[in-house]
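> predicted structure and sequence below. I'll ask about it afterward.
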Amino acid sequence: MSRAVRFHETGGPEVLRLEEIPAPVPGVGEVLIHTRALGLNRAESMFRRGEYGVAPVFPSGIGYEAAGVIAAVGDGGTGFRVGQAVSVVPSFSMTDYPMHGEAVLAPVHAVVAHPEELSFEQAAAVWNPFITAYGGLVDIAGVRPGDTVLIPAASSSVGLAAIQIARRAGARAVALTRTGTKRQKLLEAGAEAVISTAEEDVVARVRELTAGEGARVIFDPVGGPALADLVEAASREAVIVLYGLLESSPAPLNVGTVLFKHLTLRGFELFEITTDDARRAAAVDYVRDGLAKGELAPVIDTTFPLDAIAEAHRYLEAGGQVGKIVITVTPEDGTTS
């Protein structure tokens, strides 16, 4: 038996339960991982509330990210061995492979060898944010030296990864955050400038920072009414990558601005990259290279033990974090990572 995070109805963090279930057995093309750390994302919060693109099937597991040690290898698991440290790239549905538990199954295409530079906690905080940021900035927008990159919700784990990737490309990272309370942390994280969207005129500030030209790349998880300002702050032929919907209210766009600036508005999901073998491999190689060279590093805001999973979800939804929230899992022998 092993414990897994499950819920039997949609709702707030209080619906989450740690339940004893039979230890899973890997089938063809699967490995069994004894987890040491789990990454928490807004996707899990939305899934738990029934607001995600995929509906839960009850009783439902949950979770996209895990790092740990392989406990068993199914047929077709060539290249992996029992005892090997690994982490998981989100490239599957939570309804098929929920990752938040002590012993979880993962498809071999989603499993990568543990980056030696990282702890288990850091490995659980890498793949979702960095591949999301890589996909939007490198794969789609083609970020290049001299670009100004606007990054709304910059204190999120994806936002912080985007700051690092923009800098790695030789671009200027401009962080957007609602108030000035996180300004110093974002500057320390590598942002060249920080704009407080509730306290400053975003369009005027971007024009000031770019000598009137505007930003060529905008990487936005918010949407909603604020998208209109981002369109106005964009340069000619800018690429606006929309990778989230934190604000579901309609966005009042000036279509004339989109037309005459020749803007590209592009919706993007992580799974565009991670479910394509070639693009996933390129993304993993990019992130591994950045980690090895010290140019990329996950930022962890705080950790919670598995027993406090509901509390971790409450902390996530409060929105005060700067970086990733990670759940730690104590192995049966009591050792830690």
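That came through, no problem.

> could you find the closest non-adjacent residue to Asp277?
In space, and not counting its chain neighbours, Asp277 is closest to His109: 7.1 Å by CB to CB, 6 or more residues apart in numbering. Heads up, the C-betas are built off the backbone N, CA and C, glycines and all.

> ok, now Leu306?
Using CB to CB, 6+ apart, the nearest residue to Leu306 is Val329, at 5.1 Å.

> one step back: quick check: phi and psi at the residue nearest to Asp277.
phi -70, psi -20 (degrees, to the nearest 10).

> same question, Val138
phi -90, psi -50.

> show me the contacts for it.
The contact partners of Val138, taken as CB atoms under 8 Å, 6 or more residues apart in numbering, are 165, 169, 286.

> relative to Thr264, how far out is it?
Distance, Val138 to Thr264, by CB to CB, to the nearest Å: 15 Å.

> just to revisit the earlier point, for the residue nearest to Leu306, give me its contacts.
35-38, 68, 102, 306.

> quick one: which of these is most hemmed in?
In terms of neighbours by other CB atoms under 10 Å, those top out with Leu38 at 34 neighbours.

> sheet-wise, list the partners of the host helix or strand of that one with their directions.
Using DSSP states H and E, Leu38 maps to strand 30-40. Here strand 30-40 has these sheet partners by DSSP bridges: strand 65-73 (antiparallel), strand 103-107 (antiparallel), strand 324-328 (antiparallel).

> which positions in stretch 195-212 come out as buried?
Buried residues in stretch 195-212, defined by neighbour count with 16 or more other CB atoms under 10 Å: 195-197, 202-203, 205-207, 209-210.

> what is the nearest of those to Ala72?
Set against Ala72, the nearest of those by CB to CB is Thr197 (48.5 Å).

> hang on, that closest one packs against Pro225?
No - look at Thr197 against Pro225 with CB atoms under 8 Å: they stay out of range, at 10.8 Å.

> so where's the protein uncertain?
By pLDDT under 70, the low-scoring segments of the chain are 332-337.

> again, only using 50
333-337 (pLDDT under 50).

> coming back round to it: among the contacts of Val138, which one has the most neighbours?
Ile165 (28 neighbours).

> locate that one within the secondary structure: which element?
Using DSSP H and E, Ile165 sits within helix 157-168.

> and what of Gln122?
helix 120-123.

> tell me how the protein divides into domains.
The chain is divided into the following domains under automatic domain parsing: 2-126+298-328, 129-271.

> now the ones you listed as TSV including distance to Ala292?
Output for the domains of the chain, formatted as TSV (distance: least, CB to CB, whole Å):
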stretch	distance to Ala292
domain 2-126+298-328	6
domain 129-271	13
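
> these: which one's closest to Gly290?
Comparing these by CB to CB, domain 129-271 comes nearest, at 6.2 Å.

> in the stretch 201-337 of the chain, what residue spans correspond to strands?
Applying DSSP state E, counting those that start in this stretch to the stretch 201-337 of the chain gives strands spanning 215-220, 234-242, 264-267, 300-305, 324-328.

> out of the ones you listed, which one sits most buried?
Among those, ranked by average contacts under mean count of other CB atoms under 10 Å, first place goes to strand 215-220 (a mean of 27).

> now it: how far from the chain's centre is it?
Centroid separation for strand 215-220 versus its chain: 18 Å, with CA atoms, centre = their mean, to the nearest Å.

> what lies in contact with that strand?
Applying CB under 8 Å, 6+ apart, the external contacts of strand 215-220 come out as 133, 136-137, 141, 143, 147-153, 162, 166, 171, 174, 206, 227, 230, 233-235, 237-244.
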